[in-house]
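1. Only the shape, not the letters, is given here:
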């Protein structure tokens, strides 16, 4: 109540980017752990490409921004009472 449209838009977009980044970071860590475990068990050499890790960690927030902006843009002008009523 009383928040400006741009504040609501910023909150939605920031939340989408943060959740995407945390999820991407979690999946990168899980991938590295699984690669290391399987490589060790099978006695295979494992190579973790830093470029791939950077790409994954940068694309996750970009996707969150892309797919978080549209719902944020639609939610920003809504009246809070009407939004809660539906």
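-> Thanks, I have it. Given the structure is predicted, the values throughout are model-derived calculations rather than measurements.
2. Contacts only, for residue 74.
-> With contacts taken as C-beta atoms under 8 Å, 6 or more residues apart in numbering, residue 74 has no neighbouring residues. (Each C-beta comes from the backbone N, C-alpha and C, glycine too.)
3. nope, residue 65 is what I was after
-> Per C-beta under 8 Å, 6+ apart, neighbours of residue 65: 13, 16, 17, 20.
4. center of the chain - which residue?
-> Within the chain, the residue whose C-alpha comes closest to the C-alpha centroid is residue 20; the distance, by C-alpha atoms, centre = their mean, is 0.6 Å.
5. mind checking which helix or strand it is in?
-> Residue 20 is located in helix 5-42, with elements delineated by DSSP states H and E.
6. mind listing what's buried in that helix?
-> 8, 9, 12, 13, 16, 17, 20, 21, 24, 28 (16 or more other C-beta atoms under 10 Å).
7. so can I have CSV of the residues you listed showing pLDDT and distance to residue 44?
-> Conversion of these to CSV gives the following (pLDDT from 0 to 100; distance: C-beta to C-beta, whole Å):
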residue, pLDDT, distance to residue 44
8, 83, 50
9, 87, 48
12, 87, 44
13, 89, 41
16, 91, 37
17, 92, 36
20, 94, 31
21, 94, 30
24, 94, 25
28, 96, 20
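8. Can I get those residues in CSV including distance to residue 79?
-> Written out in CSV, the entries for the buried residues of helix 5-42 read as follows (distance: C-beta to C-beta, whole Å):
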residue, distance to residue 79
8, 11
9, 15
12, 16
13, 20
16, 22
17, 26
20, 28
21, 31
24, 34
28, 40
